[in-house]
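Asker: when you get a sec, could you give me coordinates for this:
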Amino acid sequence: MPHPEPAPRRLVRPAAYAVCVEDGQVLLARWTGPRGPEWTLPGGGLHHGEDPRAGAVREVEEETGFTVALDRLLTVDSVHFPDAVSHAGEPLDMFGIRIVYAAHVVGGELRHEVGGTTDRAAWVPLDEVAGLVRVPLVETGLAAWGSEDPARSAVLGS
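Answerer: Predicted coordinates:
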C-alpha cells in the first residue's frame, strides 16, 4: 500500500516592496521565478525581526543598486499559493503578506542583481508597463500609487 503524500509545509512570508516613479517611469526588477522571467516591484522577503521599512530599502538596493527613501505606506495585501514549491523542490502552502511603500531614489546607480532572485533592473515608462510580462503586484502597487492623485490615475488609465 503506498504511503500518502506528506502535507505541504505551511509558510507565512512577510515581504516589503517599493513603488519608485520618476519622470513618468517606474523602477522594476525582473524576477526569475518558476514561470520564467516576470517584472515586479523591487522588494522581497523580510529577514526574521527586520522592520518592513528597512527591508524595503535593503531589497531595492540589492535588486537595483539604488538607495531609496520611503515616502509613505501605500498598501498592504496578501496572496495565498497553496501549491507552491521551494527552491529545493519542497511542496509549500505559502501565504504572503506584502507591504508596499512609495519611495524615491536618493543615491546609487542602476545595476542588475547578481546571484539573487532577480536578473535585471530597469526604469520602464508607465505607458509600457501593460505590455510587459509581469506579476500582479505591479498593478497593485501602481494602483495604490495612482489612487493618491486623480492626475496619476489618468496616466495609468484607471
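
Asker: now the residue lying closest to residue 113 once chain neighbours are set aside: which helix or strand?
Answerer: Sequence neighbours aside, residue 63 is the residue nearest to residue 113 in space, at 4.9 Å (criterion: Cβ to Cβ, 6 or more residues apart in numbering). C-beta coordinates here come from the backbone N, C-alpha and C atoms, glycine included. Taking DSSP states H and E as the criterion, the element that holds residue 63 is helix 52-64.

Asker: got it, and residue 73?
Answerer: Per DSSP H and E: strand 66-85 holds residue 73.

Asker: direction included, what does that strand pair against?
Answerer: Strands that pair with strand 66-85, judged by DSSP bridges, come out as strand 91-108 (antiparallel).

Asker: compute the inter-axis angle for the partner strand and helix 52-64.
Answerer: Angle, strand 91-108 to helix 52-64, by axes from the mean of the first three to the mean of the last three Cα atoms, to 10 degrees: 80 degrees.

Asker: just to revisit the earlier point, export the strand holding residue 73 as PDB, just CAs?
Answerer: What follows is strand 66-85, C-alpha atoms only, in PDB (Å, rounded to 0.1, in the frame of the first residue of the first chain):
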ATOM      1  CA  PHE A  66      19.600  52.400  -5.800                       C
ATOM      2  CA  THR A  67      19.300  53.700  -2.300                       C
ATOM      3  CA  VAL A  68      15.800  54.900  -1.700                       C
ATOM      4  CA  ALA A  69      14.000  56.900   0.900                       C
ATOM      5  CA  LEU A  70      10.400  55.800   1.800                       C
ATOM      6  CA  ASP A  71       7.700  58.400   1.400                       C
ATOM      7  CA  ARG A  72       4.700  56.700   2.800                       C
ATOM      8  CA  LEU A  73       2.900  53.400   3.100                       C
ATOM      9  CA  LEU A  74       0.700  52.700   0.000                       C
ATOM     10  CA  THR A  75      -1.000  49.400   0.700                       C
ATOM     11  CA  VAL A  76      -0.800  46.000   2.400                       C
ATOM     12  CA  ASP A  77      -2.200  42.900   0.800                       C
ATOM     13  CA  SER A  78      -1.800  39.200   0.800                       C
ATOM     14  CA  VAL A  79      -1.500  36.300  -1.600                       C
ATOM     15  CA  HIS A  80      -2.000  32.500  -1.000                       C
ATOM     16  CA  PHE A  81      -0.200  29.900  -3.000                       C
ATOM     17  CA  PRO A  82      -1.300  26.500  -1.600                       C
ATOM     18  CA  ASP A  83       0.600  24.600  -4.300                       C
ATOM     19  CA  ALA A  84       4.000  26.500  -4.200                       C
ATOM     20  CA  VAL A  85       7.300  24.700  -4.400                       C
END
